[in-house]
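Enquirer: have a look; sequence and predicted model below, questions after that.
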Protein chains: 2
Amino acid sequence: MAAEPDAGPLYRRVLALVDELRLAESAPPAERRPVLQFQSPAQLAQQLPLTLGEPLPDESALLQLCRQVASYSVRTSDFRFRNQLYGGVDQYGLAGALLTECLNTNQHTFEVAPAFILCEAAVLEHVRQLIGWQDGDGIFAAGGSMANQYGLALARYHRHPEVKARGLFGRRPMVVFTSEDAHYSILKAAHWHGYGHDNVLAVPTDECGRMRPDALEAAVTRALAEDREPLVVNATCGTTVLGAFDPLPEIADICHRHGLWLHVDACWGGSALLSRRWRPVLAGLERADSVAWNPHKMLGAPLQCSLFVTRHAGLLHRCNAAAATYLFQQDKFYDVSFDTGDKSVQCGRKVDGFKLWLMWKAHGDAGLERRVDATFAAAGYCADQVAQRPGFRPVLASPQCANVCFWYVPPSLRGQEETAAWWERLSQVAPRVKEAMVRRGSLMVGYQPLPHKQLVNFFRLVFTGVPEMGPAEVDYMLDEIDSLGRDL
Amino acid sequence: MAAEPDAGPLYRRVLALVDELRLAESAPPAERRPVLQFQSPAQLAQQLPLTLGEPLPDESALLQLCRQVASYSVRTSDFRFRNQLYGGVDQYGLAGALLTECLNTNQHTFEVAPAFILCEAAVLEHVRQLIGWQDGDGIFAAGGSMANQYGLALARYHRHPEVKARGLFGRRPMVVFTSEDAHYSILKAAHWHGYGHDNVLAVPTDECGRMRPDALEAAVTRALAEDREPLVVNATCGTTVLGAFDPLPEIADICHRHGLWLHVDACWGGSALLSRRWRPVLAGLERADSVAWNPHKMLGAPLQCSLFVTRHAGLLHRCNAAAATYLFQQDKFYDVSFDTGDKSVQCGRKVDGFKLWLMWKAHGDAGLERRVDATFAAAGYCADQVAQRPGFRPVLASPQCANVCFWYVPPSLRGQEETAAWWERLSQVAPRVKEAMVRRGSLMVGYQPLPHKQLVNFFRLVFTGVPEMGPAEVDYMLDEIDSLGRDL
């Protein structure tokens, strides 16, 4: 394809497009565009020239295509994007991400990624210190699901290093304990790792979604009685829907008593580590064997930024090493302990540590603490509003993390007896309001039922740290839901 | 931290730094900087302010830090970076990567990534067509090792869907067959998936590193005799060191006869799909059950860009689905078959498909074909030079993929009897030349031994598609090795 005369590389013009469309920032009200321009899959497939084969005629056409794709993409940096546990992106983290994209670096050895290897080590060490560990190890993973998989892999290797050679065959079943409110990645991992879903025991939770220690103890007892081997407990700090923090001290006691590995999925709630005010919700985290945390969630690091840390030094390498001679030569002329790639189950690995390190250099501990505190504060304000506003009904008395869960009850359903039929009608409200907000492009908030708690579809409004939100933004969102739902 | 007055977001200034330092391009000779400025881990740790805690005073300090990190990073876009199976980055692919970084999108549902979901589907379909499949499925994975894991996971689920519920316990051992020259990710995956390294049978290869069909047949027979269950064959198209293409038609026959899943790790050699001239090296690929291919290798797509495809439609979803209610609601108002995230073992997933799709729109099939042909041609020229130049000795008579493997024999070792002591001395040449090139910053080429072939340390000069290389670049590299090694 022909380059445009006098045009720089396309990536520079794409960045100009990002600026023009304000794709990486939350625009002020006067300049707000819809958070998305929804088209159905079939409609959108008509709009976009998806087929591959012939090249586009020139770079202008390519830039036009980028504009089109961007305009049909969701503006995740807009404060109105509250659909998942991530949102806007930290500007310094983004700068770090763009630098590593341009350098096209792979984080497998010191040889090819010298500075980035050291930055990754520094940020992992700082996180371990925040947890309260003097020693240990860690690695950045391709998302929280992968970070949880590292926890399961280490748990097994720590107890049964011989499984690395011999596999699971001929053993009695090993059991993974996790709460019924925990993330589905544990199920997926249990399948891949050879345990099977039947050997994942879903421990009941209390009314707030926290793992019940008595139920965990009972599950361990049951597994033993069934001649299955209890192996690992996955506790959650910040469950995906209700934001619950499992009671780590009690869980750690049970793990200690039975010799179980304690992995903590703190992908969502782990950001409380940074806040003196909120650190207590993670009490007991220092007793974990391993922890997963996603700074790309509440902290606003660019996707993906997931880290896995363990207090067991050396174990990650012994568990995962395969010692490929073409990468991890032992006759190199520098200290090959910095060739950290063999700790990973991946071969090539993106440079995810650097963007977090750069953010941290920019904000410092104190700046990140302010971000976490502001996020919890916004969620708290929202919860107060939900408790006060007519038609809004909280699912929980108070939020535990920065998730605010509630039903919107339209006027047509208010003041009525809450029969099964009434709940059935209420269950249809959230999907219809969601459709309306998406078609209008005015807001994106997730909803879901929790069948194991007999809860029908409710909204989950998630607060993340970028952009910072205050009462005006919260009021806008609740007003919008009210406006979209009042005639249902 | 205080923003600089009148300065845009830091990411824009970082892009200016990328331009100034020419980080994303291979500079012309007059402007060439060292491919790296080597410091040992201890030295570099002194240079960089690694510790986290206090914020930097302002954005200038942060930009200065980016400059410092960039200057100590490896210039992978320089043609002299030939250390791994990736290198320079396609400018259009990079534009796509930067756009998705700025949009901070997660590829789990159509709802949050509408355009990117369609682009991913389009590129996966095009690849399946290139392979010769009318139907099937696929997904982008976090690197080739993960893509190979998808192959292993599908192989097992296809034969034994009940393992998803019940796990591997109580079964006779299942066996994974792969060649002794295959990538180490199969070993790592076999550990995580519960098989254990003992159940990975390393099939001997011929003198060029290709899996021997007779040896595969013998390995299957042996496994059966040992009451182990043959499950899956991982064949390699383009081995990591020698670039060997396993003979797929013969392997597919054996798989067919024994009912084994055939996964093909074409991470390196898969780019031959794009070339009419080189496609024959992949003969039989259409008979595979699943294929992994990394366009971030020869094709120059930005890291990471790894895809997994299978000819079995629907299987990926059935194998990996966990049906989380908060992501994959079935009462959405659009066709939820476009919510492809439940096919993945990840939850969040980077938008890796779009950058490849954009590259493909820019270059078309024909442009990418030219890139592949030019890469093989450069490797061919290099192999000819290696065969002709004094002191260079090829490991193989001719390269199979774009890897050229050779020893450099310094004048002090030429014309001597090749005793064990002589080979021992030769084995030290590559590490010493490597150290010298790294310290000079003039070149980066990998080396390794192949103990199972009784080959001592030799160089592996890998050609990738960006930047395009010709005789001048190849001659520079061989001259440089000669210059660094002639006095050893």
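Expert: Nice, I can see it.
Enquirer: which strand or helix spans A:Leu50?
Expert: For A:Leu50, there is no host helix or strand (DSSP states H and E).
Enquirer: helix or strand: which one has the closest residue to it other than its chain neighbours?
Expert: In this structure, A:Leu50 finds its nearest non-sequential neighbour in B:Ala122, 4.0 Å apart by Cβ to Cβ, 6 or more residues apart in numbering or on different chains. Placement of C-beta: from N, CA and C, glycine included. In the assignment (DSSP H and E), B:Ala122 maps to helix B:114-131.
Enquirer: cool, and A:Gln416?
Expert: A:Gln416 is part of no helix or strand when elements are defined by DSSP H and E.
Enquirer: could you check how far it is from B:Phe81?
Expert: Separation of A:Gln416 from B:Phe81 (Cβ to Cβ, to the nearest Å) stands at 70 Å.
Enquirer: and for the closest residue to chain B within the stretch 151-300 of chain A, nearest residue in space, chain neighbours not counted?
Expert: Using Cβ to the nearest Cβ, the closest approach of the stretch 151-300 of chain A to chain B is made by A:Gly194 at 2.4 Å. In this structure, A:Gly194 finds its nearest non-sequential neighbour in B:Gly194, 2.4 Å apart by Cβ to Cβ, 6+ apart.
Enquirer: wait, is that neighbour part of a strand?
Expert: No - going by DSSP: H, G, I helix; E, B strand; the rest coil, the assignment for B:Gly194 is coil, not a strand.
Enquirer: okay, strands next: where are they in the stretch 101-250 of chain A?
Expert: Assigned by DSSP state E, counting those that start in this stretch, the stretch 101-250 of chain A shows strands spanning A:137-141, A:174-179, A:200-203, A:229-236.
Enquirer: and the last one with strand A:174-179, angle?
Expert: With axes from the mean of the first three to the mean of the last three Cα atoms, to 10 degrees as the basis, strand A:229-236 and strand A:174-179 are set at 20 degrees to each other.
Enquirer: rewinding a little: quickly note the distance from the residue nearest to A:Gly194 to B:Ala42.
Expert: Here B:Gly194 is placed at a distance of 40 Å from B:Ala42 (Cβ to Cβ).
Enquirer: looking at those two, which is more packed in?
Expert: Taking neighbours as other Cβ atoms under 10 Å in any protein chain shown, B:Gly194 and B:Ala42 compare with B:Gly194 leading, 26 against 10.
Enquirer: mind listing what the more buried one touches?
Expert: Residues near B:Gly194 by Cβ atoms under 8 Å, 6 or more residues apart in numbering or on different chains: A:163, A:167-168, A:193-195, B:167-168.
Enquirer: now rank those by neighbours and give me the top one.
Expert: Result: A:Tyr195 is most packed of the contacts of B:Gly194 (other Cβ under 10 Å), 28 neighbours.
Enquirer: right, and that residue touches B:Lys164 too?
Expert: No - A:Tyr195 is beyond contact range of B:Lys164, at 10.1 Å (criterion: Cβ atoms under 8 Å).
Enquirer: now the residue in the stretch 301-450 of chain A positioned nearest to chain B, nearest residue through space, not along the chain?
Expert: Residue nearest to chain B within the stretch 301-450 of chain A: A:Gly364 (3.1 Å; Cβ to the nearest Cβ). Of all residues not flanking A:Gly364 in the chain, B:Pro55 sits nearest, at 3.1 Å (Cβ to Cβ, 6+ apart).
Enquirer: host element of that neighbour?
Expert: Short version: B:Pro55 belongs to no helix or strand, going by DSSP H and E.
Enquirer: what's the pLDDT at it?
Expert: On pLDDT, B:Pro55 comes in at 97.
Enquirer: the longest helix belonging to chain A versus strand A:137-141: what angle between them?
Expert: The longest helix of chain A (DSSP state H) is helix A:352-388. Counting by the same axes, to 10 degrees, helix A:352-388 lies at 80 degrees to strand A:137-141.
Enquirer: and A:Ala272, that one's in a helix?
Expert: Yes - the assignment for A:Ala272 is a helix, going by three-state DSSP.
Enquirer: report the contact partners of it.
Expert: Neighbouring residues of A:Ala272 by Cβ under 8 Å, 6+ apart: A:237-238, A:278-279, A:281-282, A:372, A:401.
Enquirer: let's see that with 6 Å instead.
Expert: By Cβ atoms under 6 Å, 6 or more residues apart in numbering or on different chains, the residues touching A:Ala272 are A:278-279, A:281-282.
Enquirer: so which of those residues are also by chain B?
Expert: Among the contacts of A:Ala272, no residue is within reach of chain B (Cβ under 6 Å from any Cβ of the partner chain).
Enquirer: what's the closest non-adjacent residue to A:Gly441?
Expert: Using Cβ to Cβ, 6+ apart and skipping the chain neighbours, the partner closest in space to A:Gly441 is A:Pro34 (2.6 Å).
Enquirer: and that neighbour, how far is that from chain B?
Expert: Going from A:Pro34 to chain B by Cβ to the nearest Cβ, to the nearest Å gives 13 Å.
Enquirer: how is chain A carved up into domains?
Expert: Chain A breaks down by automatic domain parsing into domains covering A:10-75, A:90-488.
Enquirer: distance between the ends of the first one?
Expert: From its first residue to its last, domain A:10-75 covers 22 Å (Cα to Cα, to the nearest Å).
Enquirer: also the longest one?
Expert: Domain A:90-488 has its terminal residues 38 Å apart, counting by Cα to Cα.
Enquirer: average pLDDT for that domain?
Expert: 96.
Enquirer: and it, how far from the chain's centre?
Expert: Domain A:90-488 sits 5 Å away from the centroid of its parent chain (Cα atoms, centre = their mean, to the nearest Å).
Enquirer: the shortest one too?
Expert: Going by Cα atoms, centre = their mean, the spacing between the C-alpha centre of domain A:10-75 and its chain's C-alpha centre is 25 Å.
Enquirer: does A:Arg210 really touch A:Leu242, like I thought?
Expert: No - assessed by Cβ atoms under 6 Å, A:Arg210 is found out of contact with A:Leu242, at 8.7 Å.
Enquirer: neighbour-wise, which of these two wins?
Expert: More crowded of A:Arg210 and A:Leu242, by other Cβ under 10 Å: A:Leu242, with 24 against 20.
Enquirer: what sits closest to that one if chain neighbours are left out?
Expert: Once flanking residues are discounted, A:Leu242 sits nearest to A:Gly209: 3.7 Å by Cβ to Cβ, 6+ apart.
Enquirer: before we move on, what about A:Arg22?
Expert: Spatial nearest neighbour of A:Arg22, excluding adjacent residues (Cβ to Cβ, 6+ apart): A:Glu31 at 6.8 Å.
Enquirer: what does the stretch 151-300 of chain A put close to chain B?
Expert: So far as Cβ under 6 Å from any Cβ goes, the stretch 151-300 of chain A lies against chain B at A:153, A:164-169, A:171, A:173, A:184-185, A:187-188, A:191-199, A:240-241.
Enquirer: one step back: which helices and strands does the following helix or strand past the longest helix of chain A pack with?
Expert: Going down the chain from helix A:352-388, the next helix or strand is strand A:392-394, by DSSP H and E. For strand A:392-394, the elements it packs on are helix A:352-388, strand A:403-408, judged by 3 or more Cβ pairs under 6 Å, 6 or more residues apart in numbering or on different chains; DSSP states H and E.
Enquirer: what's the most buried one of these?
Expert: strand A:403-408 (a mean of 26; mean count of other Cβ atoms under 10 Å in any protein chain shown).
Enquirer: show me what that strand packs onto, helices and strands only.
Expert: Going by 3+ Cβ pairs under 6 Å, 6+ apart, strand A:403-408 lies up against helix A:352-388, strand A:392-394, strand A:455-462.
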